[in-house]
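# give the three-dimensional model of this entry:
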Amino acid sequence: MRAARFPFYPRCGGARWQVIAFVAATFGCGSRTGPIGLSISPRPDAGDDAGSSEAKAPKCSMQRATLIDSGALARFVGMPQGLTGLTGMAVSARQLIVGVDMGYTANGYYKLVRLPVGSGGPVVLVDNVPGWVDGLVVAGTNVIYGAAGLTTNGDHDGAILSVALAGGKPTTLASGLSTGWLGGITTDGDSVYWADSDGVHSAPVAGGPAGTITAQSALMASRVGDALILDDENAGNILSIPIDGGPATTLATGQVNPVAAQGCGGGNICWSDEGALTGRAALTAQGAEIVRRDPSGQLTVLLAPGVRSGTLLFDGQSLFSMTGDCCVGAIMRITLDGSSHVTLAMTPGSGPIAVDDECVYFGNPAEGIFSIDKTAGS
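Residues are numbered from 1 along each chain as shown. Presented below is the predicted three-dimensional model:
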């Protein structure tokens with residue numbers, strides 16, 4: 001994989017397995033964003049506390065509802081001056097997991113926080129993550145996350161770690177990762193997969209040696225069946241590679257900075273890019289689209305929102321996107337045939353989102369963390 005660097009910069013102005021996404025971690029206008037893997041794990045009928053058997057929380061509102069405002073969250077994590085950023089989000093069994101940027105304060109660099117949906121206050125799962133939370137996925141009763149750590153001389157010393165949803169000491173699954181990002185962390189329950197500056201790798205969830213699947217350049221990887229889908233942002237290609245390694249199959253070429261490539265049902269692959277099909281100029285506010293590739297290889301533009309969607313989730317029926325830049329964001333629901341799209345909510349800047357069977361969750365450091373019924377606007 002190419003030399004470590006920050007992925008891209010915003011322009012100011014029943015049970016379901018694995019919904020993987022690339023999310024934009026918001027650090028304020030003109031600041032860095034990075035790739036964060038998300039997942040929706042099989043969802044038991046769980047209550048507000050991790051592992052409880054109580055009735056689930058009420059269905060989300062058709063209007064934006066506040067789970068916690070930015071001031072309360074800032075005070076909870078020890079930053080009364082205000083939040084610096086949110087660096088990832090995942091949800092499972094009514095437990096919302098959020099990475100919080102501490103801004104390199106005396107209270108720590110980054111924290112991993114669990115926020116029960118419906119009732120109960122936030123809980124710190126990991127008090128001092130060594131480097132930003134760069135990838136986040138829920139696997140059963142554990143949260144697997146990437147920590148893109150920095151050494152004292154500025155080199156990266158990343159790691160893949162696991163911590164119980166109920167809390168406890170993190171377990172290291174892989175360490176010594178020389179990378180500026182850990183993209184598209186995903187799991188099948190037995191293994192965890194990720195992309196870094198040396199290629200695409202895997203490690204057993206239960207512990208054991210990590211291995212390299214391919215040295216192929218990719219910004220992130222997501223699992224679809226027995227393959228990993230890779231977005232080679234620099235070359236503009238979407239690739240598929242067997243989960244156990246082997247030659248890559250090219251699914252699409254000529255894309256402009258593609259990100260968030262993932263399965264979106266029925267053999268389709270979806271991603272976001274910067275205008276390869278609509279013919280708009282790349283790297284401008286007008287050059288963005290969400291693309292679907294069907295099993296025959298035909299590419300269809302589902303939405304051309306004008307600003308690249310760094311966040312893309314598939315819930316088994318529809319795509320959900322945080323489309324925006326550092327200053328304005330829109331949470332959108334998009335049909336797979338591209339026939340319609342609905343704006344569910346607007347935010348002052350892009351940020352992470354997560355989706356479960358009823359709700360879309362989203363947040364930004366200026367306002368806080370929110371939920372809305374994912375069928376709103378229907």
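# select the longest strand from this protein.
strand 95-105 (DSSP state E).
# downstream of that strand, the next helix or strand is which one?
Using DSSP states H and E, the helix or strand that follows strand 95-105 in sequence is strand 108-116.
# what segments of the stretch 51-200 of the chain are helices?
In the stretch 51-200 of the chain, the helices defined using DSSP state H, counting those that start in this stretch lie at 70-77.
# so where's it uncertain?
51-58, 103-108, 149-156, 178-181 (pLDDT under 70).
# what about 80?
Residues of the stretch 51-200 of the chain that meet the criterion pLDDT under 80 lie in 51-59, 80-82, 102-109, 118-119, 130-132, 134, 148-157, 178-184, 196-197.
# quick one, strands of it?
Ranges of strands in the stretch 51-200 of the chain, per DSSP state E, counting those that start in this stretch, are 65-69, 85-92, 95-105, 108-116, 123-129, 132-139, 142-148, 158-164, 171-177, 183-187, 191-196, 199-204.
# for whatever helix or strand comes next after the last one, name the packing helices and strands.
As assigned by DSSP H and E, the chain's next helix or strand after strand 199-204 is strand 211-214. Counting contacts by 3 or more CB pairs under 8 Å, 6 or more residues apart in numbering; DSSP states H and E, strand 211-214 packs against strand 199-204. The way it works is simple: take the backbone N, C-alpha and C, and place the C-beta from them, glycine included.
# now do the strand it packs on against strand 191-196, angle only.
Using axes from the mean of the first three to the mean of the last three CA atoms, to 10 degrees, the inter-axis angle of strand 199-204 relative to strand 191-196 is 160 degrees.
# can you give me the angle strand 199-204 makes with strand 183-187?
30 degrees.
# sheet partners, orientation included, of strand 199-204?
Next to strand 199-204 in the sheet, as set by DSSP bridges, lie strand 191-196 (antiparallel), strand 211-214 (antiparallel).
# just the ones you listed: most buried one?
Mean neighbour counts were compared across the strands paired with strand 199-204 using mean count of other CB atoms under 10 Å; the top stretch is strand 191-196, at a mean of 27.
# now T347: closest residue in space that isn't a chain neighbour?
Leaving aside its chain neighbours, T347 sits nearest to G329 (4.3 Å; criterion: CB to CB, 6 or more residues apart in numbering).
# the one you found and I241, how far apart?
Counting by CB to CB, to the nearest Å, the gap from G329 to I241 is 32 Å.
# who has more neighbours, those two?
G329 (28 against 20; other CB atoms under 10 Å).
# so the more buried one sits against P352, correct?
No: with contacts counted by CB atoms under 8 Å, G329 stays clear of P352, the gap being 10.5 Å.
# now do the shared contacts for those two.
Counting by CB atoms under 8 Å, 6 or more residues apart in numbering, the contacts common to G329 and P352 are M322.
# quick one, what contacts F370?
R64, A65, T66, L67, A345, Y361, F362, G363.
# need those in TSV (columns: distance to L230 and neighbour count).
Shown next, in TSV, are these (distance: CB to CB, whole Å; neighbours: other CB atoms under 10 Å):
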residue	distance to L230	neighbour count
R64	35	19
A65	37	13
T66	37	13
L67	34	21
A345	31	19
Y361	27	24
F362	26	29
G363	28	28
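# so which of those would you say is closest to E233?
Among those, F362 lies closest to E233 (CB to CB), at 24.0 Å.
# who's that closest one bridged to?
F362 has these beta-bridge partners by DSSP bridges: I353, F370.
# any stretches of the stretch 201-350 of the chain with poor pLDDT?
In the stretch 201-350 of the chain (pLDDT under 80), the answer is 217, 219, 274-288, 304-311, 324-328, 349-350.
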